[in-house]
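Participant: quick check, what structure comes out for this input:
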Amino acid sequence: MALLEKETEKLFYSIGEVADMFDVNTSLIRFWEKEFDVITPSKNKKGNRLFTKKDIENFKLIFHFVKEKGYTLQGAKDKLKGGMKESDQVKVEVIDKLKGIKEQLLKMKDSL
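Facilitator: From the prediction side, this is the model:
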């Protein structure tokens, strides 16, 4: 599933939507929320987490470092606190775009 490609106009995302974006369990989203200070969802009256676009961007970075680059949680925390290099940010954006292209190509293939 393409990260954020179709839902760029929403202000808030539920934990289920965020988990679907990254193809992970909601428990991992809750865990990363506790582990990383950069994830700061609001909560509604029911206590449901409401993630913003900024939270999603931070999840992208965490996902990139932990799942794609193989960093430890502490390594990812250090990388986020130390500031991202511009090249790291560009890599994350390129990966997102490539995933979107891959999804579109697979849809085209299925329609043939």
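Participant: give me the low-pLDDT residue ranges for the chain?
Facilitator: Low-confidence segments of the chain (pLDDT under 70): 1-9, 83-89.
Participant: can you rerun that using 80?
Facilitator: By pLDDT under 80, the weakly predicted segments of the chain are 1-9, 82-93, 95-96.
Participant: in it, where's the longest helix?
Facilitator: Of all segments of type helix in the chain, defined using DSSP state H, the longest is helix 86-111.
Participant: buried residues in it, which are they?
Facilitator: Residues Val92, Asp96, Gly100 are the ones in helix 86-111 that count as buried (16 or more other C-beta atoms under 10 Å). All C-beta spots, glycine's among them, are computed from the backbone N, C-alpha and C.
Participant: so what secondary structure elements neighbour that helix?
Facilitator: Packing contacts for helix 86-111, counted by 3 or more C-beta pairs under 8 Å, 6 or more residues apart in numbering; DSSP states H and E, involve helix 53-63.
Participant: if you count neighbours, what's buried in the helix it packs on?
Facilitator: Buried residues in helix 53-63 (16+ other C-beta under 10 Å): Asp55, Ile56, Asn58, Phe59, Lys60, Leu61, Ile62, Phe63.
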